[in-house]
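Trainee: What shape does this take:
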Amino acid sequence: MPQKQHPLYFIAIIPTSSVREELQGLKELFRDKYSSKASLNSPPHITLHMPFKFSDKKKERMLKSLTNVAAHQERFEVELKNFSAFTPRVIYADIVENEALKELQRSIVEMCRVDLKLLNANYKNQAYHPHITLAFRDLKKPAFAEAWKEFENKKYNARFLVNSFSLLKHDGSKWSVDTEFSIA
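Mentor: You can find the predicted model right below:
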């Protein structure tokens with residue numbers, strides 16, 4: 001009998017509805033105008049912990065640990081300002097430097113290392129760079145160049161209160177919220 005694969009999860013902040021809808025509209029613009037639809041496989045979000053596989057048998061422990069992190073976190077505001085890019089494929093809404101956001105991310109990474117024994121918290125050991133991806137891996141280089149001309153000087157500003165973070169689960173084709181954790 002084939003061995004069952006562990007589900008794939010990641011941890012993220014999902015913006016409040018009005019900001020989420022604006023960002024979703026921008027993702028759809030990238031799909032319609034620049035043929036980049038991969039970002040539509042997840043809701044607009046700020047990643048706190050990159051995707052990881054985790055056993056369903058141990059999920060209760062993960063949920064308790066994430067609930068504990070949320071219980072010790074205070075609400076804070078996030079400001080999105082303009083756009084930036086990871087050349088040659090990624091365009092994103094940029095986030096104004098935010099110590100509370102960095103602290104939440106550090107708390108989650110530490111909890112995942114200590115409680116869950118996850119060791120893949122950083123992508124290729126790069127520093128945490130919070131952002132909200134609008135277009136990425138399927139954005140072809142010529143389309144990136146054209147889109148970046150449109151977005152590099154475009155003004156954008158939004159703010160939202162972070163009063164929760166979410167555990168997202170992949171269903172084989174897209175990501176959706178599995179569990180939301182309220183911040184006190």
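Trainee: What count of nearby residues applies to residue 65?
Mentor: By the measure other C-beta atoms under 10 Å, the count of residues near residue 65 is 16. The way it works is simple: take the backbone N, C-alpha and C, and place the C-beta from them, glycine included.
Trainee: which strand in the protein runs the most residues?
Mentor: For the chain, the strand with the greatest residue count under DSSP state E is strand 76-86.
Trainee: And for the next helix or strand after that one, what's in contact with it?
Mentor: Per DSSP states H and E, strand 76-86 leads on to strand 90-95 as the next helix or strand towards the C-terminus. If you take C-beta atoms under 8 Å, 6 or more residues apart in numbering as the criterion, strand 90-95 is touched by 23, 26, 30, 46, 78-86, 101, 130-137, 139, 144, 147-148, 151, 156, 158.
Trainee: tell me, what residue is most central in this protein?
Mentor: By C-alpha atoms, centre = their mean, the chain has its centre lying nearest to residue 47, at 2.8 Å.
Trainee: I'd guessed it sits against residue 10; true?
Mentor: Yes. Applying C-beta atoms under 8 Å, one finds residue 47 in contact with residue 10, separated by 6.3 Å.
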